[in-house]
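Novice: pasting the sequence and the predicted coordinates here, then a few questions.
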Amino acid sequence: MHNKEALREKCKRSFNYFCRLIQDEGYIFKVHDDLAEFLQYEVMEKGKTNRGLVLMPRGSMKTTFATKFFPLWLAVRDPNVRILIVSNTMPNAKLKISEIRSLVMEHPVFTGLFPELLPDMSKDPWSDERARLSRPGTFSESTFEAAGTRSRLTGRHYDWIIEDDTVAPELSDLDREVVLPSRKEINQAIGWHKLATPLLNDAYTGGRLVVGTRWCHDDLIEFVQKNEINSYKQFSRAAKYNGKPIVDKFDQEALDDIKETLGSYMFSALYLNEPVRPEDMIFRPEWIVETDEIPINIPGDEEDDPDYKPVKWVITVDPAISESDDACDTAIVRAGHLEGKIYVDSCLTGKYTPKQTIEKVLDLVQLDAKNTAWIGIESVAYQKALALFLRDEMNRRQIYRPVQEIKSRKNKHVRIQGLQPFFERKQIIIRTGLKVLISQLTQYPHGKLLDAVDALAMQLDSYRGERKRKKLAEAEHPIDYEYKGPTLEDVMEKIKKKNKGRGILRSSARNSQSLLRTRLR
C-alpha cells in the first residue's frame with residue numbers, strides 16, 4: 001500500500017514520470033523528456049498565462065504526449081479539471097478522446113493507481129465526444145470534450161483548451177498524396193483560435209496549448225509566433241536537433257526516403273519546420289484565385305443576347321500508363337475560356353487505366369458537348385494510341401469533338417512555368433475545392449507530383465491559339481464531324497514498317513498495343 005501511494009504521489013508531482021509509466025511501449029527519447037519538462041514547468045508552473053506552443057515533425061509522437069498523456073495527467077492532479085480538445089474536424093478530435101478513454105479503462109497503471117477516477121457508467125457521460133471521470137465537483141462540462149474548428153460551443157467553459165493539428169493533412173482519393181490545406185481551412189483554424197479565449201473559465205490564466213506541424217507560411221503556427229509569442233512559450237524541434245535525430249526512426253536514411261517520397265516542399269515543412277518562403281515559390285499563394293462560381297453556358301442565352309459569348313470548354317489530359325505507387329498520375333483538367341480568362345472547373349487525378357481515362361474524359365465532354373472546343377492529349381509513346389482509342393469511342397457514342405495530340409517540343413517545366421504570368425495577372429480562376437491542383441501549384445517545383453499542373457499548362461495551347469483546330473460547324477446537336485483519320489491499326493502498321501528489322505522495337509510496339517487493348521476491355 002505504501003508503495004502504491006508513493007507511486008501515486010510521484011505521478012502527480014512529475015509529468016515526466018507519469019509518461020514513463022503510462023507509455024508502456026518504452027518509446028521515450030530525450031525529446032519526450034524535454035517536452036514533458038516543458039509542459040509541466042514552462043507552461044504550467046512558470047508565469048501566469050499557462051500557454052504553450054509545441055512544434056514537432058509528423059511521427060514524433062507529439063500528439064501522444066501533449067494531447068493524450070498531458071490532459072490525462074491534468075485530470076490526475078485535479079479531477080475537477082475540464083479540458084477541450086480541438087482538431088480540424090470533430091471525428092479527428094473524437095479519435096483523440098477515444099485514445100484517452102482507452103488509457104483510462106484498459107491501462108493497468110491507471111486502473112491500478114487511480115481507481116477512484118474510473119467513471120461511473122450509470123451517471124458519467126462516457127463517449128468519444130464527452131468523457132467524464134468520477135469527480136467530486138458538479139459541472140455541465142465533462143473532463144474531456146471534443147470539438148472541430150466548426151463546432152459551436154456557446155455557454156461552455158473550460159480550464160484548458162488544447163488545439164492539436166487544427167490545420168491537418170488530407171490525402172487524395174488514392175490515399176497516397178498528402179495535400180496541403182487550403183487557405184480557407186488555414187483561416188478557419190486561425191479564426192477559431194482567436195475566438196476561443198472566451199471559452200476559458202479565466203481568459204487570462206486559463207490553459208492554452210497549440211500542438212502542430214508547419215505546412216506553409218501564414219499558417220496557425222506562424223500566427224501564434226508572430227502575434228502571441230509574448231504569452232505563448234514555445235517548444236520547437238525539427239527531425240534533427242543539434243545534428244542528431246530526435247527519435248531513432250529519423251536516421252539519415254529514413255529522412256532521405258521521406259524526402260524522396262514527399263518532395264522537398266513537404267519535407268522541409270513537415271520535418272524541418274521550415275516551409276518554403278512565398279518569395280521562393282513559382283506560384284505564390286496570393287496569386288491563386290478560388291471561386292464557387294464558374295461561368296457556364298445556359299441554353300437560350302445566345303438567342304436573347306446578341307452580344308452573347310459562350311464559354312469554350314477545353315479538356316486536357318496528361319496520361320500515365322503505369323499503376324505502380326511510385327509512378328505519375330493521370331491528370332485531366334477541364335477549363336472554360338472566356339474573355340481572356342481561364343476558369344478551371346474540374347481536375348481529376350489518379351491511377352486510371354486507359355479505359356477509365358477515356359470514360360472520365362467523355363463524362364466531362366458531355367457536361368457541355370456543344371461548347372467543348374477541343375480535347376488535348378499529350379502524345380508521347382503510348383499516349384498516341386490512347387488518342388486513337390478516344391476517337392474510336394467518341395465515334396461509337398456519336399460525340400464528335402476535335403482531339404488534338406499535343407507534341408510539345410518544350411521541356412515540361414518550361415511549359416508549366418509559362419503559367420506564372422497568367423497567375424500573377426489573376427487570369428486563371430480555380431473552382432473552390434480542387435485541392436490536389438492547388439497543392440501541386442503551391443509546392444511546385446519542390447513537390448513530388450506535378451501531373452495536374454502540367455495538364456493545366458496544356459490549356460495555354462488553347463488560350464494562345466497556337467494549335468490548329470478544326471472549325472466547329474454550327475449544328476443543333478453536338479455532332480459536327482466524324483473522325484476519319486488513321487486508325488490504331490494504321491498507326492501500329494506504320495510503326496511496324498518503320499522498325500522493320502529491329503526486332504526489339506517491333507516487339508515493344510506489339511506489346512504496347514496488346515497492353516492497351518487488354519486494359520480497354
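Specialist: Cool, got the structure.
Novice: the spatially closest residue to Ala196 that is not a sequence neighbour: which element?
Specialist: Leaving aside its sequence neighbours, Ala196 sits nearest to Ile161 (CB to CB, 6 or more residues apart in numbering; 5.6 Å). Yep, even glycine has a C-beta here, placed from its N, CA and C like the rest. Secondary structure from DSSP states H and E places Ile161 in strand 160-164.
Novice: how far off centre is that strand?
Specialist: 22 Å (CA atoms, centre = their mean, to the nearest Å).
Novice: low-confidence stretches in the protein?
Specialist: Within the chain, the ranges that satisfy pLDDT under 70 run 1-2, 24-26, 169-177, 300-304, 321-327, 381-384, 408-410, 462-521.
Novice: give me the secondary structure label for Lys123.
Specialist: Look at Lys123: counting by DSSP: H, G, I helix; E, B strand; the rest coil, its state is coil.
Novice: distance of the closest residue in space to Lys259 that isn't next to it in sequence relative to Ala239?
Specialist: Of all residues not flanking Lys259 in the chain, Phe267 sits nearest, at 4.2 Å (CB to CB, 6+ apart). Separation of Phe267 from Ala239 (CB to CB, to the nearest Å): 9 Å.
Novice: likewise for Asn3?
Specialist: 39 Å.
Novice: also Glu42?
Specialist: The value you get for Glu42 to Ala239, if CB to CB is used, is 22 Å.
Novice: what does Leu113 give?
Specialist: The gap separating Leu113 from Ala239 is 34 Å, by CB to CB.
Novice: thinking again about what came up before, tell me, how many residues neighbour the residue nearest to Ala196?
Specialist: Other residues within reach of Ile161, judged by other CB atoms under 10 Å, total 23.
Novice: just the element for the residue nearest to Lys259, please.
Specialist: Here Phe267 sits within helix 264-272, counting by DSSP H and E.
Novice: list the helices and strands that helix packs on?
Specialist: Here helix 264-272 is seen to pack against helix 252-262, helix 435-443 when contacts are counted using 3 or more CB pairs under 8 Å, 6 or more residues apart in numbering; DSSP states H and E.
Novice: out of those, which is the most enclosed?
Specialist: Using mean count of other CB atoms under 10 Å, the stretch among those with the largest mean neighbour count is helix 435-443, at a mean of 25.
Novice: ok, Leu456 - contacts?
Specialist: Thr316, Val333, Ala335, Val344, Cys347, Leu419, Ile428, Leu437 (CB atoms under 8 Å, 6 or more residues apart in numbering).
Novice: helix/strand/coil for Ile320?
Specialist: Check again: residue 320 is Ala, not Ile. Under three-state DSSP, Ala320 comes out as coil.
Novice: and it, how far is that from Thr330?
Specialist: 5 Å.
Novice: settle it for me: which of those two has more neighbours?
Specialist: Thr330 (26 against 20).
Novice: who does the more buried one bridge with?
Specialist: Gly350 (DSSP bridges).
Novice: tell me if I'm right that it and Asp451 touch.
Specialist: Yes. Counting by CB atoms under 8 Å, Thr330 does reach Asp451; the two are 7.1 Å apart.
Novice: give me the common contacts of these two.
Specialist: Common neighbours of Thr330 and Asp451 (criterion: CB under 8 Å, 6+ apart): Asp318, Ala320, Thr349.
Novice: ok, so of the residues you listed, who is nearest Thr197?
Specialist: Thr349 (40.6 Å; CB to CB).
Novice: okay, now the residue nearest to Lys259: neighbour count?
Specialist: Count around Phe267 with other CB under 10 Å applied: 21.
Novice: for it, give me its contacts.
Specialist: Leu255, Ile258, Lys259.
Novice: would you mind measuring from the last one to Leu270?
Specialist: Think Lys259. Per CB to CB, Lys259 is found 10 Å from Leu270.
Novice: likewise for the first one?
Specialist: Leu255 sits 11 Å away from Leu270, taking CB to CB as the criterion.
Novice: could you do Asn88 as well?
Specialist: Note on Asn88: its distance to Leu270, by CB to CB, is 15 Å.
Novice: quick one on the thing from earlier: nearest to Ala196 among the contacts of Leu456?
Specialist: After measuring the contacts of Leu456 against Ala196 - CB to CB - the closest member comes out as Leu437, at 32.0 Å.
Novice: I'd say the closest one and Leu348 touch.
Specialist: No. At 9.9 Å, Leu437 does not count as touching Leu348 under the criterion of CB under 8 Å.
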